[in-house]
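# give me a 3D structure for the following:
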Amino acid sequence: MKGGRRSSAAVQKSVLYPSPPATTTPSAVLETDPQETKALWERVLGTKMSTRRGRGALGTKTPARRGRGTLKEAVENVENVEENDAQSTIVSEVVDMDTGIVSKDTKVSTKSPALWRQLVFLSRGIDLVSPKRDLALDHFEAFDPGAEHSSEWVLQRLESEEQSVLLRGGRDFNEKTAGEYAEMERRRLCEEEFATFAKEKFFRRPAYLPIENAKREWSAERMIQLNTVLSTADDSLWLPPPLLSGEKSEGKDFNLRPDCAYWQSLLAFSNAYRDLVNIEAYMVDNRITCPYLTIEFKKTDLKVEQAVNQVIAASALALYNRFRLKERRLNVTKKPWTEKYFNHIRHYAITFSASTADIWLVRLKHPPDMDFSAVSWTGCEAMRIGKCICSSSLAVGDLVDWVNVIHWWGITRHGRYCADDIKATLMAGKPRTAKRVSELFDPDEPAD
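Numbering: from 1, shown residues only. Predicted coordinates for the structure are as follows:
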């Protein structure tokens, strides 16, 4: 940390200068069970008779299939098995017998988290890598020096916005929030109580107002359990991450509804020409595009690995389609990849278990000898970069900093770069739209 950064004024006003986080031992990545893996693959590929048993149902035998099958068949069979299993377990409640805490069960929980990662992530090159503990500003300044001024931007937006996604924070907020978390844990409240409290305190929404004829500005919108529509059509703008084998898959495991996510608002785009955006980028309700932050909640450590799987899958989906937008832009403008372009293709995520928040970065794979002029999709990597145990007031302050600086990046960097890619791609690849494209963005924002 640079000297003098954490002043008392910064603590009182929120803002993005966190205290060193309390030292905690990162949770180990779950080990796989070879017997469980072998049993599932035998079941999926049909190499021998197997017996399925579900809750409240007698086991039924499945005839053996001849031949080894392909990876595509294996993945699709797993998707079908999980879909069938989930019919009786899509929404149920699980009680931790040691703590008495009730949490919600979901489709992803029908398989062990480690096994689910093997079947869904491994085949697509989605890797969980060793955690790295960062402070919010240090993390962003490492690849964008402009983050040094993010605190001023946050304060200006807070003063000008009646209802903002940004957080004011401060000593009183930090202490009261930490005290409430401690009391909620003492009372062993349910998962939904913790999720509702976190959304009230940390994951705020802008006012529900129409964006037609409103003042144009760069902003974000919060969406709760948004159900996006996957498509594997050649012209789809919302594709699941592909299998590295090159085989096609419907990607049913990516039909997720994240607990909470932040998307770029189309408020910055001209009202008369917003319909052009969905030519090059996935758009919802002619209002939002290009998500940058996803949040999942689980109440207990017993379920937090399921939240990690869900949030990384949702993040990988968003990242892959962000990558495709940038790739199309560079292809049609005949420009090479650069380190700057590469560094800003990323997605952030937060998992909450009771009062503990883990901050995640999901980005393109970054080998040490990276050649930035020849970037291609080979999967992505997910890294835990921060941890805040919010029964501590200092940790609450740290989480305020993370949320604010992620929004700074999402709105001022990610949003603008996505818009720039959309504009450049439309102008280069769709000449007939050039006149309309010129009205889609402010004249002082040319495509670089």
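# quick check, Cys388 in a helix?
No: counting by DSSP: H, G, I helix; E, B strand; the rest coil, Cys388 is not part of a helix but strand.
# could you give the separation of stretch 329-344 from the chain centroid?
22 Å (C-alpha atoms, centre = their mean, to the nearest Å).
# what mean pLDDT does it get?
Stretch 329-344 comes out with an average pLDDT of 92.
# repeat that for stretch 415-422.
93.
# so the residue nearest to Val400 when sequence neighbours are not counted, which of the three states?
Nearest non-adjacent residue to Val400, counting by C-beta to C-beta, 6 or more residues apart in numbering: Gly169, 3.8 Å away. Yep, even glycine has a C-beta here, placed from its N, CA and C like the rest. In three-state terms, and counting by three-state DSSP, Gly169 is coil.
# tell me, how many residues neighbour Gly169?
Using other C-beta atoms under 10 Å, the number of residues around Gly169 comes to 26.
# over to Ala314?
Neighbours around Ala314, by other C-beta under 10 Å: 25.
# which ones are touching it?
Phe254, Leu256, Pro258, Ala261, Thr294, Glu296, Ala349 (C-beta atoms under 8 Å, 6 or more residues apart in numbering).
# turn these into a markdown table, including distance to Leu244.
Output for the contacts of Ala314, formatted as a markdown table (distance: C-beta to C-beta, whole Å):
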| residue | distance to Leu244 |
| --- | --- |
| Phe254 | 15 |
| Leu256 | 21 |
| Pro258 | 24 |
| Ala261 | 26 |
| Thr294 | 23 |
| Glu296 | 25 |
| Ala349 | 22 |
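# what's the closest of those to Cys190?
Glu296 (16.0 Å; C-beta to C-beta).
# surely the closest one and Ala307 touch.
Yes: using C-beta atoms under 8 Å, Glu296 is in contact with Ala307, at 4.1 Å.
# which of the two has more neighbours?
Neighbours were counted for Glu296 and for Ala307 using other C-beta under 10 Å; Glu296 has more, 29 against 26.
# how close does that one sit to Tyr262?
To Tyr262, Glu296 is 13 Å away according to C-beta to C-beta, to the nearest Å.
# can you tell me the SS state at Arg384?
strand.
# count of residues packed around the nearest residue to it once chain neighbours are set aside?
Take Arg384 and drop its neighbours on the chain: the residue closest to it by C-beta to C-beta, 6+ apart is Pro131, 4.0 Å away. Using other C-beta under 10 Å, Pro131 has 16 other residues around it.
# part of a strand, is Pro131?
No: assessed with three-state DSSP, Pro131 is coil; it does not lie in a strand.
# that one reaches Gly386, doesn't it?
No: Pro131 is not in contact with Gly386 according to C-beta under 8 Å; the separation is 9.0 Å.
# Arg416: which element?
helix 415-429 (DSSP states H and E).
# can you name every helix or strand that that helix contacts?
strand 260-265, strand 288-298, helix 301-333, helix 434-440 (3 or more C-beta pairs under 8 Å, 6 or more residues apart in numbering; DSSP states H and E).
# swap the cut-off to 10 Å and go again
Packing contacts for helix 415-429, counted by 3 or more C-beta pairs under 10 Å, 6 or more residues apart in numbering; DSSP states H and E, involve strand 260-265, strand 288-298, helix 301-333, helix 339-343, helix 434-440.
# which stretches of this protein have low pLDDT?
When residues are selected by pLDDT under 70, those of the chain lie in 1-110, 299-302, 429-448.
# any chance you could map the strands in it?
50-52, 60-62, 92-95, 102-105, 126-128, 220-223, 260-265, 283-284, 288-298, 346-353, 356-364, 380-389 (DSSP state E).
# picking up where we left off before, what's the angle from the helix holding Arg416 to helix 301-333?
Computed by axes from the mean of the first three to the mean of the last three C-alpha atoms, to 10 degrees, the angle separating helix 415-429 from helix 301-333 equals 40 degrees.
# export helix 415-429 as CSV, just CAs?
Output in CSV follows, covering the C-alpha atoms of helix 415-429 (Å, rounded to 0.1, in the frame of the first residue of the first chain):
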residue,chain,number,x,y,z
GLY,A,415,-19.3,-0.6,-20.4
ARG,A,416,-17.4,1.9,-22.6
TYR,A,417,-15.2,-0.7,-24.2
CYS,A,418,-18.2,-2.9,-25.0
ALA,A,419,-20.0,0.1,-26.5
ASP,A,420,-16.9,0.9,-28.5
ASP,A,421,-16.7,-2.7,-29.8
ILE,A,422,-20.3,-2.6,-30.8
LYS,A,423,-19.9,0.7,-32.6
ALA,A,424,-16.7,-0.3,-34.5
THR,A,425,-18.2,-3.7,-35.5
LEU,A,426,-21.4,-2.1,-36.8
MET,A,427,-19.6,0.5,-38.8
ALA,A,428,-17.1,-1.9,-40.3
GLY,A,429,-19.3,-4.9,-40.9
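# work out the gap between that helix and the centre of the chain.
Chain-centre distance of helix 415-429: 22 Å, with C-alpha atoms, centre = their mean.
# repeat for stretch 148-168
Counting by C-alpha atoms, centre = their mean, stretch 148-168 comes out at 22 Å from the chain centroid.
# correct me if wrong: Glu175 contacts Cys390.
No: under the criterion of C-beta atoms under 10 Å, Glu175 is not in contact with Cys390, lying 11.4 Å apart.
# neighbour-wise, which of these two wins?
Counted by other C-beta under 10 Å, Glu175 and Cys390 do not tie: Cys390 has more neighbours, with 27 against 15.
# sorry, back to before: can you tell me which of the helices and strands packed on helix 415-429 is most buried?
Mean neighbour count (mean count of other C-beta atoms under 10 Å) peaks for strand 288-298 among these, with a mean of 26.
# now Ala207: closest residue in space that isn't a chain neighbour?
Gln163 (4.4 Å).
# what about the residue nearest to Arg384, distance to Thr228?
Taking C-beta to C-beta, one finds Pro131 at 28 Å from Thr228.
# skipping adjacent residues, who's closest to Leu330 in space?
Trp337 (6.4 Å).
# from Ala147, how far out is that neighbour?
22 Å.
# pull out the buried residues from stretch 132-143.
Judged by neighbour count using 16 or more other C-beta atoms under 10 Å, the buried positions of stretch 132-143 are Arg133, Asp134, Leu135, Ala136, Leu137, His139, Phe140, Glu141.
# so how far is stretch 383-391 from its chain's centroid?
The mean C-alpha position of stretch 383-391 is separated from the chain mean by 15 Å, C-alpha atoms, centre = their mean.
# next: stretch 375-385.
The answer for stretch 375-385 is 13 Å, by C-alpha atoms, centre = their mean.
# for stretch 303-323, same thing?
The answer for stretch 303-323 is 5 Å, by C-alpha atoms, centre = their mean.
# same check, this time on stretch 235-242
Counting by C-alpha atoms, centre = their mean, stretch 235-242 comes out at 16 Å from the chain centroid.
# swap in stretch 201-220?
20 Å.
# equivalent analysis for stretch 146-158, please.
The answer for stretch 146-158 is 23 Å, by C-alpha atoms, centre = their mean.
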